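In: need the 3D shape of this:
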Amino acid sequence: MPKANLLVIDAGTTGIRALVVDETTTVLAQSYTEFPQYHPAPDRVEQDADEIWDAASLMIERALAEAGLAPAEVTAIGITNQRATTVVWDRRTGQPITRAIVWQDTRTADRVAELADEWGQQAYSRTGWALAPVYSSLSLEWILNNVDGAQELADAGHLAFGTIDSWLIYRLTGGASHVISASNASVTGSYDLLTDDWYGDWLAALGVPLSLYPTVCDDAGNLGVTSAAEFGAQVPIRSAIADQHSALFAQGCLEPGSVKCTHGTGTFLDMNIGDKPVIDTSSGLTCQIAWRINGTTLYALEGYAASTGAAVQWLRDGAGIIETSAESETLARSVPDNGGVYFVPALTGLSAPYWDSYARGMIIGITPGTTRGHLARATLEGIVYSVRDFIDTMARVSGNQILQIAVDGGASRNDLLMQFQADQLGVRVVRPANTEATSVGAALLAGLASGIWATQAEALATQSIASVFEPSIAEPVRAELYRNWTSAVTRAQGWAKK
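Out: Presented below is the predicted three-dimensional model:
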């Protein structure tokens, strides 16, 4: 096995991590920073693409310095990123024309309602995604209609669209590559899974020119070469994969029916379903490209809740009842149960299976005896209930019984949360030694494309299991707790609808 120095850029929703890993996926160095989030209105979540690039550049510099490496000593670069966030820039200057619209943004909720009758089922049946504000195509339409001069620039062919992987590759290559990986393309609400191409009819209906869109590439392969002026050397970019898909790969979910659950800003349950898309428009589940390697495409089913880790952050930053996210477990353990309190973490609406952009976060069941501990416990439990809302549907649509779930992400290190996940879902929960699976997946794919590992099995042999959680509560108890949850969700739905 050849020696390697793989640089991974993990561009999350709230921050950027740069890691240097070797051929055993041992982390030689890493650095992390958050970048600003902007909320100019209650339904808006924005980021500055230049600030994301600046943060990435600084973290790369720090990680390489910690590892004692010059840019030219990097074997290859792998990228994993937050999905569906919309960046639009001027091809002539390389400058964004407005802030990026983040996947959590719900400004297009009314537009979704307008389009639902004509396009709801049709768009879902072709893109694999229920029509919702998360569609990058709808964010693009909004930008073209609301940013001065944007439509004229687009019609003249001067604008470029990309998700965060596209933007980072564009900057790393000095503007030479305007590309998007297949996994990222499939989560933009712009890609037709049945024709395996951009969904031209839909984009035409929105008035979004195809000229904005990047070239679709394999998730592992040749995505560009860094500019010496930007990076300090010419280094191949060998992988770019959407964050949840990266974690699915890193968790070894290579066979149909294998499942992982990532606990980050949101919580995402993904299942490998093999080499054919399965789109069930009655389910509320998403079908997407898991990854494309050497021209071979695998697909995945997904259910997600958008604001789960974000709810813990709200306990810290908004409510101020904890000082660190890790403190949520200690506080939750200070009480034996939730005391009848339920927290529906619909801070930006409800995702699968409800797809209710007008739902809002709600805490219910508060009594004179309610403590900070009950609020913390209800928040953690709400994360798990949000997954249970669609796990049975995923099993039905896929035809695969779910008996085991691999977990990753920051909150997966919370033992109380993991045990409650096993109890409430009635499955075995398996936690790897390295819970930063999104970063690992990008490294493994970059290494595969670079010949560091000969096979996917050889690459995955670098990973190991650390903990296993088994279900430990009776079915009647599990069922009663979930009934209370569904009652709470009903009360949270539609709250912000005019």
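
In: helices of the stretch 1-150 of the chain, start to end?
Out: For the stretch 1-150 of the chain, helices defined by DSSP state H, counting those that start in this stretch occupy the ranges 49-67, 109-115, 121-127, 136-146, 150-155.

In: which of those sits closest to residue 206?
Out: helix 136-146 (4.4 Å; C-beta to C-beta). The C-beta positions use only the backbone N, C-alpha and C, and glycine is treated the same way.

In: any weak-confidence spans in this protein?
Out: Low-confidence segments of the chain, defined by pLDDT under 70, are absent.

In: now the element after the lengthiest helix in it, going C-ward?
Out: Longest helix in the chain by number of residues, with DSSP state H as the criterion: helix 372-398. Using DSSP states H and E, the helix or strand that follows helix 372-398 in sequence is strand 404-408.

In: what pairs with that following strand, parallel or antiparallel?
Out: strand 259-263 (parallel), strand 428-432 (parallel) (DSSP bridges).

In: CSV please, covering those and showing mean neighbour count.
Out: Converted to CSV, the strands paired with strand 404-408 look like this (neighbours: other C-beta atoms under 10 Å):
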stretch, mean neighbour count
strand 259-263, 27
strand 428-432, 20
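
In: dump those to TSV, plus distance to residue 144.
Out: TSV is the format used below for those (distance: least, C-beta to C-beta, whole Å):
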stretch	distance to residue 144
strand 259-263	32
strand 428-432	43
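
In: could you look up the SS state of the most far-flung residue of the chain relative to its centre?
Out: Centroid-distance maximum for the chain: residue 368 at 38.3 Å, with C-alpha atoms, centre = their mean. At residue 368, secondary structure determined by DSSP: H, G, I helix; E, B strand; the rest coil is coil.

In: and it, backbone torsions?
Out: phi -60, psi -20 (degrees, to the nearest 10).

In: how close does it sit to residue 340?
Out: 12 Å (C-beta to C-beta, to the nearest Å).

In: which strand in this protein runs the most residues?
Out: If you go by DSSP state E, the chain has its longest strand at strand 296-305.

In: next one: that strand to chain centre, how far?
Out: 11 Å (C-alpha atoms, centre = their mean, to the nearest Å).

In: kindly report the same for stretch 51-58.
Out: 19 Å.

In: what's it in contact with?
Out: With C-beta atoms under 8 Å, 6 or more residues apart in numbering as the test, stretch 51-58 has contacts from 9, 11, 15-16, 18, 31, 33, 35-36, 100, 164, 167-168, 171.

In: Throw the residues you listed into CSV and include distance to residue 149 and neighbour count, thanks.
Out: Listed next are the contacts of stretch 51-58 as CSV, based on distance: C-beta to C-beta, whole Å; neighbours: other C-beta atoms under 10 Å:
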residue, distance to residue 149, neighbour count
9, 32, 27
11, 28, 26
15, 32, 16
16, 30, 26
18, 35, 27
31, 38, 19
33, 33, 14
35, 27, 18
36, 25, 11
100, 18, 28
164, 24, 34
167, 21, 28
168, 26, 25
171, 23, 23
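
In: is it possible to export those to a markdown table including distance to residue 487?
Out: Output for these, formatted as a markdown table (distance: C-beta to C-beta, whole Å):
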| residue | distance to residue 487 |
| --- | --- |
| 9 | 43 |
| 11 | 38 |
| 15 | 36 |
| 16 | 40 |
| 18 | 45 |
| 31 | 45 |
| 33 | 41 |
| 35 | 38 |
| 36 | 38 |
| 100 | 37 |
| 164 | 38 |
| 167 | 43 |
| 168 | 44 |
| 171 | 48 |
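
In: among those residues, which are in strands?
Out: 9, 11, 15-16, 18, 31, 33, 100.

In: from the helices of the stretch 1-150 of the chain, which stretch is densest packed?
Out: Most buried of the helices of the stretch 1-150 of the chain, by mean neighbour count (mean count of other C-beta atoms under 10 Å): helix 136-146, with a mean of 22.

In: how far out from the middle of the chain is that helix?
Out: 21 Å.

In: packing partners for it?
Out: In terms of contacts (3 or more C-beta pairs under 8 Å, 6 or more residues apart in numbering; DSSP states H and E), helix 136-146 is packed against strand 100-101, helix 109-115, helix 150-155, helix 200-206.

In: list the contacts of the next helix or strand along the chain from the third one.
Out: Translated: helix 150-155. If you walk from helix 150-155 toward the C-terminus, the next helix or strand you reach (DSSP H and E) is strand 159-162. If you take C-beta under 8 Å, 6+ apart as the criterion, strand 159-162 is touched by 86-91, 97, 136, 140, 150, 153, 166, 170, 178, 180, 211-214.

In: could you turn the buried ones of these into a ChimeraX selection?
Out: With 16 or more other C-beta atoms under 10 Å as the criterion, this ChimeraX line picks the buried residues out of the contacts of strand 159-162:
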select :86,87,88,89,91,97,136,140,150,153,166,170,178,180,212,213,214
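
In: how about stretch 473-491: buried residues?
Out: 478, 481, 484-485, 488-489.

In: tell me the one of the residues you listed nearest residue 240?
Out: residue 489 (35.6 Å).

In: contacting residues around that closest one?
Out: With C-beta under 8 Å, 6+ apart, residue 489 has these contacts: 344, 350, 354, 359, 389.

In: now, which of these sits nearest residue 325?
Out: residue 344 (19.3 Å).

In: any idea how many residues pack against the closest residue in space to residue 348 that isn't next to it in sequence?
Out: Leaving aside its sequence neighbours, residue 348 sits nearest to residue 104 (C-beta to C-beta, 6 or more residues apart in numbering; 4.8 Å). Look at residue 104: counted by other C-beta atoms under 10 Å, it has 23 neighbours.

In: my read is that residue 104 contacts residue 45, right?
Out: Yes: here residue 104 reaches residue 45: they are 4.5 Å apart, a contact under C-beta atoms under 8 Å.

In: what do those two both touch?
Out: Joint contacts of residue 104 and residue 45 (C-beta under 8 Å, 6+ apart) are residue 348.

In: next, give phi and psi for residue 179.
Out: Torsion angles, degrees, to the nearest 10, at residue 179: phi -130, psi 170.

In: was I right to think it contacts residue 221?
Out: No: in this structure, residue 179 is not within contact of residue 221 by C-beta under 8 Å, at 10.2 Å.

In: any idea how far residue 3 is from residue 415?
Out: 36 Å.

In: of the two, who's got more company?
Out: A count of neighbours by other C-beta under 10 Å puts residue 415 above the other of residue 415 and residue 3, at 13 against 8.

In: name the nearest residue to that one, sequence neighbours excluded.
Out: residue 329 (7.0 Å).

In: so how many other residues sit close to the one you found?
Out: Residue 329, neighbours per other C-beta under 10 Å, totals 19.

In: who touches the helix or strand hosting it?
Out: Residue 329 belongs to helix 327-332 when assigned by DSSP H and E. Applying C-beta under 8 Å, 6+ apart, the contact partners of helix 327-332 are 312, 315-316, 321-322, 372-373, 376-377, 379-380, 414-417.

In: between those residues, which is nearest residue 271?
Out: Among the contacts of helix 327-332, and counting by C-beta to C-beta, the member closest to residue 271 is residue 417, at 20.6 Å.

In: I'm done for today, thanks for sticking with me.
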